[in-house]
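**Student:** Build me a model:
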Amino acid sequence: MTTVRVGTMADLDAVVETVALAFVGDPAWDYMCGPGNDVAARAFATLLYVGRARRGTVWIADDGAAVSMWDRVDGVPLTGMDDLWHDFVAAAGRDVVDRVEAYDAAIKTLKPSAPFWYLGVLATHPDHQGRGLATAVLAPGLANADAEGWDAWLETSKPGNKDFYAGRGFTDVHPVEIPDGPPTWWIRRPARVGLVPRPAPVRPTA
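**Tutor:** Now for the predicted structure:
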């Protein structure tokens, strides 16, 4: 039986391992971190996880075998990230940082003006794929988006991922041009309001 819970800092090592292995060969990660650059990939996974774990917007299955990392984007700037960014720059190097910033800037050109929930990372450890864990860890974030009546958004650079996400409601697809980067798509899942009872939304603070 799959157990899904909010991820904590105690789960950091397991989650970084899952993400680093799950994204081997991913076009976006290869573009940003460099193919085979495990140090940069793990530093990037740490950066992405820790800030969200502090805000309570990560969910893990089976103690880190799968993870979803979310941001509740409401126009309020995030604070308390300077230490994480400094550590990432030191570990990954300036070239990686420049590509991460270029990728992020390209995605932000399509950022909606209305508040939304953003799925930053969805990963399943290769040893545990095919068990439905990705769908399981998606559910809490989608439920929170629906509870607030907000759309959910994500981006992917793997063409095959579009079918997976379409099956989970992400059907509004917009191409994104990444400078010298891979074909990428910014995809929306419209809020599903009033269909079934939803839990009270998580309202993380920075």
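**Student:** need the helices for this structure, in chain order.
**Tutor:** Applying DSSP state H to the chain gives helices spanning 12-22, 27-33, 38-55, 82-92, 94-108, 133-148, 161-166.
**Student:** Between helix 94-108 and the fourth one, find me the angle.
**Tutor:** When axes from the mean of the first three to the mean of the last three Cα atoms, to 10 degrees is applied, the directions of helix 82-92 and helix 94-108 differ by 130 degrees.
**Student:** So for helix 82-92, mean pLDDT?
**Tutor:** Computed over helix 82-92, the mean pLDDT rounds to 93.
**Student:** List the contacts of it.
**Tutor:** 33, 39-40, 43-44, 46-47, 50-51, 97, 100 (Cβ atoms under 8 Å, 6 or more residues apart in numbering). (Glycine included, C-beta is placed from N, CA and C.)
**Student:** and stretch 75-89, how far apart are its ends?
**Tutor:** 25 Å (Cα to Cα, to the nearest Å).
**Student:** And the helix or strand of the chain with the lowest mean pLDDT, what's buried?
**Tutor:** Every helix and strand in the chain was compared by mean pLDDT, DSSP states H and E; the lowest is helix 82-92, with a mean of 93. Using 16 or more other Cβ atoms under 10 Å as the test for burial, helix 82-92 gives 84, 88, 91-92.
**Student:** report the angle between the axes of it and helix 38-55?
**Tutor:** 170 degrees.
**Student:** Run the chain-centre distance for helix 82-92.
**Tutor:** 18 Å (Cα atoms, centre = their mean, to the nearest Å).
**Student:** same deal with stretch 66-75?
**Tutor:** That offset, for stretch 66-75, works out to 6 Å (Cα atoms, centre = their mean).
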